[in-house]
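Asker: This is the structure alone, sequence omitted:
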């Protein structure tokens, strides 16, 4: 059997190695248009920032090491220019010599990945304008920085690559501005959770221009102007475009393969395309979203590696199926960690789910053990069915552990209320006896059983102002004096039983505290005395962070100048 693979990195290289482990006699040939067959794609921003100092550390395998270990021919700087499914051949061009030739195959695997999205802006091609996809791109950016010593950089886009670049370039001493068309960074997060990411970026000196649309670029004064719709241009010494990726599927299209959303390659759960002897994996393929069941694009290394293994199995005659992905991801932001899995609340509602969420602010380990740090968790579930839909966590130590537990729970079909029953490891340096994941389960159970009624951030503007409801802040007097919601009366929770006569009967009571715990206790006290009570999800800490972020974004957008 002869297998030709187009593209290396996560998909192609993984599949090639798996095929060899399954079939010692197979002839395996990989064509990669870049000069690197297998490299740490996710590590590229960290080489630019000097965290990874040796470019060789980015290379996981070389053509020589791959051949030595697996006897696989890795042809770098070879571009496949056409696929001929009927003839079962591909046309190939050696980019170094210009030689062109045909190569036959029994099975073909496509792993072309995705390319940086590049709208047809004026100014593309300027010396100080870059995109980041390959090792070669990385080396060009690093060389430009080392040679020209730019003092400022503008990053167009607010996703993973942009934030990782922002941190690394800021650590080099550069002034960094991120321009994003949406009014938030990191679209997998809900806007209320993204605010914690925004605040961390601002604390570290990153300028955020949220709600600004890039329209092009112009060279000026030795640097580059980023042209914005309805706003004055922003000037920087260099610009890196990171506004998303697009499946690189022109070969598949020209060959007549069936295409799906955004031009991605349609595959079945064996990773077969519309031509049975052609398989495809990675960022270029359309896959099933595990939560919605709908077709989706998920451009992450984990799914690409799993797909490659499954394609290799089927090429070698082993029954193997890909269930899909749910977009579990994590990012480091100047020492802080942000992670997500499944659907955020915004997308859950768009997908038609009757979605709700709990918001909590637990410590990463037992509060009495030194060094504990707070995290903010948002767990999304479907009302009445208790189906767990997704989660987002922003914090420091322990974020990765909790998001992985929640990701596993989603894929295993565990109900949101069953999170309370999970038997998770506990010792004071690592967790609490009631882990944050358990706490989320307790909270969801309280809501679903009707023990607790909550009100959310979007309800703030809807609260009645005619005296038909009571607004109660149950923090200490000192906390209340440092800031509170307008119209909220302060009775500390520990004084509540003695001051019940201050709260009118027959009116709903909307209660808030710092994190949601004391207001929950207050609601139980009030309910025990016949009051109808609503607990604020997330507490005043959450409210203050979100409202501060919204104010900065709206002010900057309205003024068109004060970019925070």
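Answerer: Yep, that arrived. Quantities reported herein were computed from a predicted structural model and do not represent experimental measurements. Numbers count the residues shown, from 1 in each chain.
Asker: Please make it C-alpha for all contacts and neighbour counts, starting now.
Answerer: OK.
Asker: Tell me the first helix or strand C-terminal of the helix or strand of the chain with the lowest mean pLDDT.
Answerer: Ranking every helix and strand in the chain by mean pLDDT, DSSP states H and E puts strand 38-39 at the bottom, with a mean of 70. Next along the chain after strand 38-39, taking DSSP states H and E as the criterion, comes helix 44-48.
Asker: Make sure I have this right: residue 501 is in a helix.
Answerer: Yes. Residue 501 sits within a helix when classified using DSSP: H, G, I helix; E, B strand; the rest coil.
Asker: For it, grab the count of nearby residues.
Answerer: The local packing of residue 501 (other CA atoms under 10 Å) involves 9 other residues.
Asker: who are the neighbours in contact with residue 267?
Answerer: 273-274, 279-280, 285-287 (CA atoms under 8 Å, 6 or more residues apart in numbering).
Asker: Residue 33 now?
Answerer: If you count contacts by CA under 8 Å, 6+ apart, then residue 33 has 7, 76-80, 95 around it.
Asker: what about 6 Å?
Answerer: Counting by CA atoms under 6 Å, 6 or more residues apart in numbering, residue 33 makes contact with 76-79.
Asker: what's the answer for residue 426, then?
Answerer: Residue 426 makes contacts with residue 433, as judged by CA under 6 Å, 6+ apart.
Asker: That one: what secondary structure?
Answerer: The three-state label given to residue 426 by three-state DSSP is coil.
Asker: Tell me which residue lies farthest from the centre of the protein.
Answerer: For the chain, the C-alpha farthest from the mean C-alpha position belongs to residue 501; by CA atoms, centre = their mean, that distance is 48.8 Å.
Asker: Residue 228: how many residues sit nearby?
Answerer: Summarising burial for residue 228: neighbours were counted as other CA under 10 Å, giving 17.
Asker: was I right about it contacting residue 216?
Answerer: No. With contact defined as CA atoms under 6 Å, residue 228 does not reach residue 216; the gap is 7.3 Å.
Asker: Can you name the next helix or strand after the helix or strand harbouring residue 179?
Answerer: When elements are defined using DSSP H and E, residue 179 is found to belong to strand 175-180. Tracing the chain C-terminally past strand 175-180 and defining elements by DSSP H and E, one meets helix 191-203 next.
Asker: Check which helices and strands that following helix sits against.
Answerer: Counting by 3 or more CA pairs under 6 Å, 6 or more residues apart in numbering; DSSP states H and E, the packing neighbours recorded for helix 191-203 are helix 539-559.
Asker: Return the entry from the contacts of residue 267 with the maximum number of neighbours.
Answerer: With neighbours set by other CA under 10 Å, the maximum within the contacts of residue 267 is found at residue 285, which has 33 neighbours.
Asker: Next one, pLDDT for the closest residue to that residue other than its chain neighbours please.
Answerer: The spatial neighbour of residue 285 that comes closest, neighbours along the chain excluded (CA to CA, 6 or more residues apart in numbering), is residue 265 at 4.5 Å. The score at residue 265 is 97. That number is its pLDDT.
Asker: now swap in residue 54 and tell me
Answerer: Predicted confidence (pLDDT) at residue 54: the value is 79.
Asker: Give the phi and psi angles for it, as a check.
Answerer: phi -100, psi 120 (degrees, to the nearest 10).
Asker: Which residue, other than its chain neighbours, is closest to it?
Answerer: In this structure, residue 54 finds its nearest non-sequential neighbour in residue 47, 7.6 Å apart by CA to CA, 6+ apart.
Asker: so where is the stretch 351-500 of the chain shaky, pLDDT-wise?
Answerer: When the per-residue scores of the stretch 351-500 of the chain are filtered using pLDDT under 70, no range remains.
Asker: quick one: the helices in it?
Answerer: When assigned using DSSP state H, counting those that start in this stretch, the helices of the stretch 351-500 of the chain occupy the ranges 399-412, 436-448, 477-481.
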